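**Q** Model the following, please.
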Amino acid sequence: MEEITIHEFEFALINEFFTELERQGPGSSEETIRALGFIGNLSNKTKIADLGCGSGAQTMVLAQNTEAAITALDLYAGSIDKLNATAGKLGLQNRVKGIVGSMDHLPFQNDEFDLIWSEGAIANIGFEKGLNHWKDFLKKDGYIAITYESWFTDERPAEIEKWWVDAVPEMDTIGHNISIMQKTGYIPVAAFTLPESCWIDNYFIPQKARQEEFLKKHAGNKTVEDMITFMRREADLYSKYKQYYGYVFYIGKKM
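**A** Take a look at the predicted model:
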């Protein structure tokens, strides 16, 4: 199991599991709002793209704390259906639109957005690649705000280093990632770590009941059993090594 990454399980199974949860990765409304506070010139004319949005927990926070028009994009249609339904229930459907699409082949015009947002998703296409590609879709002086797995220390135990290098080969320190932002054409505005509660209370704990339910639904499915074993291992490793890594919010302004 230690040789497997989450990406190696069936795409449909991963999404079936996570779409029923409020969040598909570590985060919180409070940290989304904190990051939003570093973005200048927000108005009712602002256009935001939320990339790799999942079922849209952070999308709704953005919509409820700005007057912007938001286009949210995810590869999984089930997540987008849930996002659009939630937007309707909250009366946000006139400003929030979810669409199915790929983060590395964006269906947008150059210089279309004032702000590109992405929580916990850029690793799927690569940190540097994502920053480079997405910059084209930002207006002059537009902002980018992303969360990304990062090392807090220059050295760490081999067990956790291997786990994360297998999952996110590009994963590096906060200082290195800020230098990549500069290299790819952004002025760093802010960087801050997400608190442990974003992982434990909002990501790992909500998974527990869902894991039991999922195992019963897919009884005898070895792939599902391995996937749940992987998730439990991820939580155990975080508890053991959380002082060495976590998610960091990176905010930059297009040069």
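**Q** switch to C-alpha atoms for all contacts and neighbour counts from now on
**A** Noted.
**Q** what distance separates stretch 12-26 from the middle of the whole chain?
**A** Relative to its parent chain, stretch 12-26 has a centroid offset of 12 Å by C-alpha atoms, centre = their mean, to the nearest Å.
**Q** can you offset everything so residue one is 338?
**A** OK, 338 is where the count begins now, so the last one is stretch 349-363.
**Q** Quick one: mean pLDDT for that stretch?
**A** The average pLDDT within stretch 349-363 is 90.
**Q** quick one: buried residues of stretch 356-366?
**A** With burial defined by 16 or more other C-alpha atoms under 10 Å, the residues of stretch 356-366 counted as buried are 356, 358, 360-365.
**Q** again with stretch 563-583
**A** Result for stretch 563-583 [16+ other C-alpha under 10 Å]: buried residues 564-565, 567-569, 571-572, 575, 579, 581-583.
**Q** In PDB, list the C-alpha atoms belonging to it.
**A** Output of stretch 563-583 as PDB, limited to C-alpha atoms (Å, rounded to 0.1, in the frame of the first residue of the first chain):
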ATOM      1  CA  ASP A 563      -7.300  -0.600  -0.700                       C
ATOM      2  CA  MET A 564      -8.500   3.000  -1.300                       C
ATOM      3  CA  ILE A 565      -9.900   3.200   2.300                       C
ATOM      4  CA  THR A 566      -6.700   1.700   3.600                       C
ATOM      5  CA  PHE A 567      -4.800   4.400   1.800                       C
ATOM      6  CA  MET A 568      -7.000   7.100   3.300                       C
ATOM      7  CA  ARG A 569      -6.600   5.800   6.800                       C
ATOM      8  CA  ARG A 570      -2.800   5.600   6.300                       C
ATOM      9  CA  GLU A 571      -2.800   9.200   5.100                       C
ATOM     10  CA  ALA A 572      -4.500  10.300   8.300                       C
ATOM     11  CA  ASP A 573      -2.100   8.300  10.500                       C
ATOM     12  CA  LEU A 574       0.900   9.800   8.700                       C
ATOM     13  CA  TYR A 575      -0.400  13.300   9.200                       C
ATOM     14  CA  SER A 576      -0.900  12.700  12.900                       C
ATOM     15  CA  LYS A 577       2.700  11.400  13.100                       C
ATOM     16  CA  TYR A 578       4.400  14.000  10.900                       C
ATOM     17  CA  LYS A 579       2.300  17.100  10.700                       C
ATOM     18  CA  GLN A 580       5.100  19.300  12.000                       C
ATOM     19  CA  TYR A 581       6.900  18.700   8.700                       C
ATOM     20  CA  TYR A 582       4.300  19.500   6.000                       C
ATOM     21  CA  GLY A 583       0.900  20.900   5.200                       C
END
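**Q** Now that stretch: average pLDDT?
**A** Stretch 563-583 comes out at a mean pLDDT of 96.
**Q** which stretches of the stretch 338-487 of the chain form helices?
**A** In the stretch 338-487 of the chain, the helices defined using DSSP state H, counting those that start in this stretch lie at 348-356, 366-373, 394-401, 414-426, 464-472.
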